[in-house]
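Colleague: Let's see this in three dimensions:
(one chain, ligands or ions: 1)
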Amino acid sequence: MSEATPVIGVLALQGDVREHLVALAAADAVARPVRRPEELAGIDGLVVPGGESTTISKLAVLFGVMEPLRARVRAGMPVYGTCAGMIMLADKILDPRSGQETIGGIDMIVRRNAFGRQNESFEAAVDVKGIAGGPVEGVFIRAPWVESVGAGAEVLAEHDGHIVAVRQGNALATSFHPELTGDHRVHSLFADMVRGRRAPESL
Ligand code: GLN
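Modeller: Model prediction:
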């Protein structure tokens with residue numbers, strides 16, 4: 001990969017793909033939608049967007065990308081999941097819908113819709129470890145929270161006593177949606193991870 005401009009895919013099966021493409025471009029990455037297994041070969045990192053994790057799970061199996069994605073993540077490809085994407089990166093869902101699978105990659109247990117229903121969506125200032133310049137505006141839409149993390153995962157942020165941002169090695173996940181704000185600092189952090197510039201111990 002080119003050191004300066006990593007190519008970052010956005011899993012484009014369902015969800016807020018376009019907003020992530022815009023945010024990644026603002027973070028100086030080359031961003032492109034990814035749907036098919038063969039498209040995985042051309043990317044250095046991947047964002048799994050917000051949306052509906054059950055739908056993304058089903059479509060990933062249907063499009064034949066679930067297994068190739070798991071293999072890339074196991075091999076160390078950097079991944080960042082927001083909201084439904086966070087659920088997709090969890091090794092375990094507390095309350096999965098029947099047949100719901102995840103890509104996995106982060107040793108954590110997530111609870112879907114933990115912050116309430118659509119009409120209980122809210123915004124809150126969230127301090128994220130490793131993000132300088134003050135809190136980020138967290139947009140929570142039927143958001144999950146993280147019930148617990150394993151030894152290898154690091155908690156980067158909490159809201160109201162609940163874990164809302166986690167990193168394990170090259171995998172990053174937030175309950176909230178930075179792509180829906182004009183603030184691209186979390187995407188910049190991820191782009192730096194893809195560039196290999198932000199080892200976990202440097203956070
Ligand atoms: N509640 C959704 C799910 O379980 C996530 C919502 C979102 O991504 N904004 O997948």
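
Colleague: Now Gly45, what are its backbone angles?
Modeller: The phi/psi pair for Gly45 (degrees, to the nearest 10) reads phi -160, psi 170.

Colleague: Share the number of residues neighbouring it, please.
Modeller: Residues near Gly45, counting by other C-beta atoms under 10 Å, number 24. (Glycine included, C-beta is placed from N, CA and C.)

Colleague: Now do it against Val7, distance only.
Modeller: Distance, Gly45 to Val7, by C-beta to C-beta, to the nearest Å: 8 Å.

Colleague: any common contacting residues for those two?
Modeller: Shared contacts of Gly45 and Val7 (C-beta atoms under 8 Å, 6 or more residues apart in numbering): Ala29.

Colleague: With Ser121 as the reference, measure out to the nearest residue to Arg117 once chain neighbours are set aside.
Modeller: Nearest non-adjacent residue to Arg117, counting by C-beta to C-beta, 6 or more residues apart in numbering: Arg142, 6.3 Å away. As judged by C-beta to C-beta, Arg142 and Ser121 stand 7 Å apart.

Colleague: overlap in contacts of these two?
Modeller: Joint contacts of Arg142 and Ser121 (C-beta under 8 Å, 6+ apart) are Phe115.

Colleague: More neighbours: the two, which one.
Modeller: Legend: neighbour count by other C-beta under 10 Å for Arg142 and Ser121, higher for Arg142 (18 against 14).

Colleague: three-state assignment of that one?
Modeller: coil (DSSP: H, G, I helix; E, B strand; the rest coil).

Colleague: and it, what does it touch?
Modeller: 83, 113, 115-118, 120-121.
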